[in-house]
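Asks: need a 3D model of the sequence below.
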Amino acid sequence: MVLRTRKNPRPLEEDDIALLKTYGLGPYPTTIKNAEKEIKEMAKKINDLCGIKESDTGRATSVARCTKIINPNTEDAKYVINVKQITKFVVGLGDKVSPTDIEDGMRVGVDQNKYQIQIPLPPKIDPSVTMMTVEEKPDVTNNDVGGCKEQIEKMREVVELPMLHPEKFVKLGIDPPKGVLCYGPPGTGKTLLARAVANRTDACFIRVIGSELVQKYVGEGARMVRELFQMARSKKGLYSVFFDEIDAIGGARFDDGVGGDNEVQRTMLEIVNQLDGFDARGNIKVLMATKRPDTLNPALLRPGRLDRKVEFGLPDLESRTQIFKIHTRTMNCERDIRFELLARLCPNSTGADIRSVCTEAGMYAIRAR
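Replies: Presented below is the predicted three-dimensional model:
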């Protein structure tokens, strides 16, 4: 094949040169290049947060679980890993992994060629379970809980004292209480006191509503409970797990054959197992609140799982007076208000009722203006 070339090539004109210079310099190519660059940076951040690490061959590490450590604390230690619940291998560690970083049952990233452990991975936790953690401390203190002096002292003995002064229990040689059940009518301060406990201690506070654990599919509620305690055990520090409205899942067992009730019972049995099973509870304090303690399963209430039962009754005259003072503390009120007289006019009222009275008084003042 013979290529024919022009003898006298014609030079480009200025219009052609200007057109060629615009290729790749318009608004769309620049925007596309910037978007592709941002996507690559975002993918790199996601891989770093997920623990995905590139191996020496350029292939991503596989996820496995270390089921057993052979000859631990020695130079010849080997690790049994389970890949995809199918194949087991006895492998060693990579050059950048320390033996103290690997524990039994931990998720690890392994090389796809030699299956050496390259990186320890965090536990796989459902995002819905992670969202139950309260990151910020509640702004409620014990001074904001009126009429619960006896209940506050009991909660301090169960929750605050073991967390703030554990050496006292070590000196006496006794195990501190690990769980407490708060029961009483609605609006008497059960949830409010739990928030005050979270503010008092430096423990990470996890709030779980009983109805959130009632799931559509079989085994989902039990899995969420298991991952909740697994997340609390895997992290350093103290954890307080507060189950609000525990009667939604902690009721007594009935053999009626209904599928929904069976799923609720599975969730309750998983809570019982986590409270007092073969695995130690560790540094986790469990608080539960209910307005129907008579419907709870006796297996959930026995000592060792819930050591203390704290009753929240209707406030008396002195307690109602104190609650009135607490809720009017930030209000623009007359100084000569007789709070004791107001408390006498509200018999058999809860703290929530008194707060509603103070709010309605403010609304009447707004209407009068």
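
Asks: in space, what's closest to residue 71 - neighbours in sequence excluded?
Replies: In space, and not counting its chain neighbours, residue 71 is closest to residue 77: 5.1 Å by CB to CB, 6 or more residues apart in numbering. Quick note: C-beta positions are derived from backbone N, CA and C, even for glycine.

Asks: after the longest strand along the chain, next one along is what?
Replies: Criterion DSSP state E: the longest strand present in the chain is strand 62-70. Downstream of strand 62-70, the next assigned helix or strand under DSSP states H and E is strand 78-83.

Asks: that's a helix at residue 29, yeah?
Replies: Yes - assessed by DSSP: H, G, I helix; E, B strand; the rest coil, residue 29 belongs to a helix.

Asks: how much space between it and residue 35?
Replies: Counting by CB to CB, to the nearest Å, the separation of residue 29 from residue 35 is 11 Å.

Asks: ranges for the strands of the stretch 1-150 of the chain?
Replies: Per DSSP state E, counting those that start in this stretch, the stretch 1-150 of the chain carries strands over the ranges 62-70, 78-83, 87-91, 107-110, 117-120, 133-134.

Asks: in TSV: these, plus mean pLDDT and mean neighbour count.
Replies: Converted to TSV, the strands of the stretch 1-150 of the chain look like this (pLDDT from 0 to 100; neighbours: other CB atoms under 10 Å):
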stretch	mean pLDDT	mean neighbour count
strand 62-70	83	17
strand 78-83	85	18
strand 87-91	83	14
strand 107-110	84	22
strand 117-120	82	20
strand 133-134	66	16
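
Asks: would you list those strands in TSV and tack on distance to residue 246?
Replies: Shown next, in TSV, are the strands of the stretch 1-150 of the chain (distance: least, CB to CB, whole Å):
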stretch	distance to residue 246
strand 62-70	32
strand 78-83	35
strand 87-91	40
strand 107-110	31
strand 117-120	35
strand 133-134	18
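
Asks: give the contact list for the closest residue to residue 89 other than its chain neighbours.
Replies: Nearest non-adjacent residue to residue 89, counting by CB to CB, 6+ apart: residue 115, 4.9 Å away. The contact partners of residue 115, taken as CB atoms under 8 Å, 6 or more residues apart in numbering, are 62, 64, 81, 83, 89, 91.

Asks: chain neighbours aside, what residue packs nearest to residue 305?
Replies: Excluding the flanking residues, the one nearest residue 305 by CB to CB, 6+ apart is residue 275, at 4.2 Å.

Asks: count the neighbours of the one you found for me.
Replies: 21 (other CB atoms under 10 Å).

Asks: still on that earlier bit, the longest strand of the chain - contacts with which helices or strands?
Replies: In terms of contacts (3 or more CB pairs under 8 Å, 6 or more residues apart in numbering; DSSP states H and E), strand 62-70 is packed against strand 78-83, strand 107-110.

Asks: show me where the stretch 201-350 of the chain has helices.
Replies: Ranges of helices in the stretch 201-350 of the chain, per DSSP state H, counting those that start in this stretch, are 220-234, 259-275, 298-301, 317-327, 339-344.

Asks: closest to residue 147 out of those?
Replies: When these are compared by CB to CB, helix 317-327 sits nearest residue 147, at 2.6 Å.

Asks: ok now the closest one, how far from the chain's centre?
Replies: Offset of helix 317-327 from its chain centre (CA atoms, centre = their mean, to the nearest Å): 34 Å.

Asks: can you list the buried residues in that helix?
Replies: Using 16 or more other CB atoms under 10 Å as the test for burial, helix 317-327 gives 319-324, 326-327.

Asks: can you lay out the helices of the stretch 201-350 of the chain as JSON lines showing mean pLDDT?
Replies: As requested, the helices of the stretch 201-350 of the chain are exported to JSON lines (pLDDT from 0 to 100):
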{"stretch": "helix 220-234", "mean pLDDT": "80"}
{"stretch": "helix 259-275", "mean pLDDT": "78"}
{"stretch": "helix 298-301", "mean pLDDT": "84"}
{"stretch": "helix 317-327", "mean pLDDT": "90"}
{"stretch": "helix 339-344", "mean pLDDT": "90"}
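
Asks: of those, which is nearest residue 183?
Replies: Between residue 183 and the helices of the stretch 201-350 of the chain, the tightest spacing by CB to CB is seen for helix 298-301, at 10.1 Å.

Asks: returning to what we had before: how big is the angle separating the longest strand of the chain from strand 78-83?
Replies: 140 degrees (axes from the mean of the first three to the mean of the last three CA atoms, to 10 degrees).
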